[in-house]
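Engineer: sequence plus predicted model, see below.
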Amino acid sequence: MVYQDHLTKFVVLNALKTKRAEEVAHHLVRIFLTFGAPCLLHSDNGREFVNSIISELKILWPELILVHGKPRHSQSQGSVERANQDIENMIVTWLIDNNTNRWVDAL
């Protein structure tokens, strides 16, 4: 899971065992408790997936207030795509340098 703060461009990486909403929400709450909750949570996944995560977040963090904005913002989407490419390149380089295929260790 890649979480990026669009203001600072700071990236948090988490290895997920599954893509279940409960697990994703748990990792998001940990990020929010560390850095603060965002005003807008943007995901490139489908609406059903996002809605199930939001439902889980509301269970884990009942005080959470969600502000809905534009689902696609070209500048922020490009930033996320560039970050994803950089992350992939760094992980591949680390795997080669360390002669391993355990990508989770590279995170």
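Structural biologist: Received it, and whenever you're ready, just let me know what you need. Residues are numbered from 1 along each chain as shown.
Engineer: the helices in this protein, which residues?
Structural biologist: For the chain, applying DSSP state H gives helices covering 21-35, 47-60, 74-97, 103-106.
Engineer: now the worst-scoring helix or strand of the chain on mean pLDDT: how far from the chain's centre is it?
Structural biologist: When the helices and strands of the chain are scored by mean pLDDT, DSSP states H and E, helix 47-60 comes last with a mean of 77. Distance, stretch centre to chain centre, for helix 47-60: 14 Å (Cα atoms, centre = their mean, to the nearest Å).
Engineer: for Q4, which of the helices of the chain is the nearest?
Structural biologist: Each of the helices of the chain has some distance to Q4 by Cβ to Cβ; the shortest is helix 74-97, at 5.6 Å. From N, CA and C alone the C-beta is placed, and that goes for glycine too.
Engineer: in the closest one, what's buried?
Structural biologist: V80, A83, I87, I91 (16 or more other Cβ atoms under 10 Å).
Engineer: residues in contact with the third one?
Structural biologist: Listed by Cβ atoms under 8 Å, 6 or more residues apart in numbering, the contact set of I87 reads V2, V11, L13.
Engineer: nearest to I53, of those residues?
Structural biologist: V2 (14.4 Å).
Engineer: and the closest one, what are its bridge partners?
Structural biologist: For V2, the beta-bridge partners are L13 (DSSP bridges).
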